[in-house]
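Q: Have a look at this prediction, sequence included:
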Amino acid sequence: RKEVEQDPGPFNVPEGATVAFNCTYSNSASQSFFWYRQDCRKEPKLLMSVYSSGNEDGRFTAQLNRASQYISLLIRDSKLSDSATYLCVVNKGTGNQFYFGTGTSLTVIP
Amino acid sequence: DTEVTQTPKHLVMGMTNKKSLKCEQHMGHRAMYWYKQKAKKPPELMFVYSYEKLSINESVPSRFSPECPNSSLLNLHLHALQPEDSALYLCASSYRTDPGTNTEAFFGQGTRLTVV
């Protein structure tokens, strides 16, 4: 079983739409959780860390459910510039191992 | 300085060549990583160095040989690669912290490797 599972999409949404991505992880000992964004032929860049209490950064909201081993990302009022692949990342902590989900492709359409 | 710098950006090598990929960071991070990324796939962890010691080897073939000369540098030595090894090789670094602390990994721009 993979460490981190994501729906690969693709998600094609109109500008202004709200879109949600989900991710599950298999190791209950996982310690840290993140959403990264990767543009075509670029390196992954941190979008936001995910905290147990949930956290928000502008149009982006991340949630963590440790009991269900589930992470989510909500993007409100989608912009064309949000088009990218969104990667769920889990750090098992003990070995500082960052494991990536398969990534979810988002295209925001004018 | 929040950069991880990788060189070269592109590399074409033959199956009998020996080459090295280099990675540098000056953020004081004590954990450094090599990842391999094929097209339309997520990055796959290869190696983790913690305090300049190899702590994780994800069953990577011996034709890939990592080296961490000091806390700022990480190399990946390549020898006798196969065409299927062609990929984007990403270096990353993070603070080495106790479990439970959220600390993100910073990635370099990668070396796009083609084996011919």
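A: Received, thanks.
Q: so the nearest residue to A:Phe11 once chain neighbours are set aside is in which element?
A: Among residues not flanking A:Phe11 along the chain, A:Leu106 sits closest, at 4.9 Å (C-beta to C-beta, 6 or more residues apart in numbering or on different chains). Yep, even glycine has a C-beta here, placed from its N, CA and C like the rest. A:Leu106 belongs to strand A:104-109 when assigned by DSSP states H and E.
Q: And the contacts of stretch A:42-52?
A: Stretch A:42-52 is contacted from outside by A:32-38, A:55, A:57, A:60, A:62-64, A:66, A:71, A:73, A:86-87, A:89, A:100, B:43, B:90, B:102, B:104-110, using C-beta atoms under 8 Å, 6 or more residues apart in numbering or on different chains.
Q: Show me how far it is from its chain's centre.
A: 7 Å (C-alpha atoms, centre = their mean, to the nearest Å).
Q: so how far is the first residue of that stretch from its last?
A: Using C-alpha to C-alpha, to the nearest Å, the span of stretch A:42-52 from its first residue to its last is 29 Å.
Q: List the buried residues of it.
A: Residues A:43-44, A:47-50 are the ones in stretch A:42-52 that count as buried (16 or more other C-beta atoms under 10 Å in any protein chain shown).
Q: now do stretch A:61-72
A: Buried-residue list, stretch A:61-72, by 16+ other C-beta under 10 Å: A:61-64, A:69, A:71-72.
Q: Kindly report the same for stretch B:30-41.
A: Quick answer for stretch B:30-41 (16+ other C-beta under 10 Å): B:30-37.
Q: if we look at chain A, which of those are close to it?
A: B:31, B:33 (C-beta under 8 Å from any C-beta of the partner chain).
Q: Between the buried residues of stretch B:30-41, which sits nearest chain A?
A: When the buried residues of stretch B:30-41 are compared for distance to chain A (C-beta to the nearest C-beta), B:Ala31 wins out at 4.5 Å.
Q: Alright, calling it a day.
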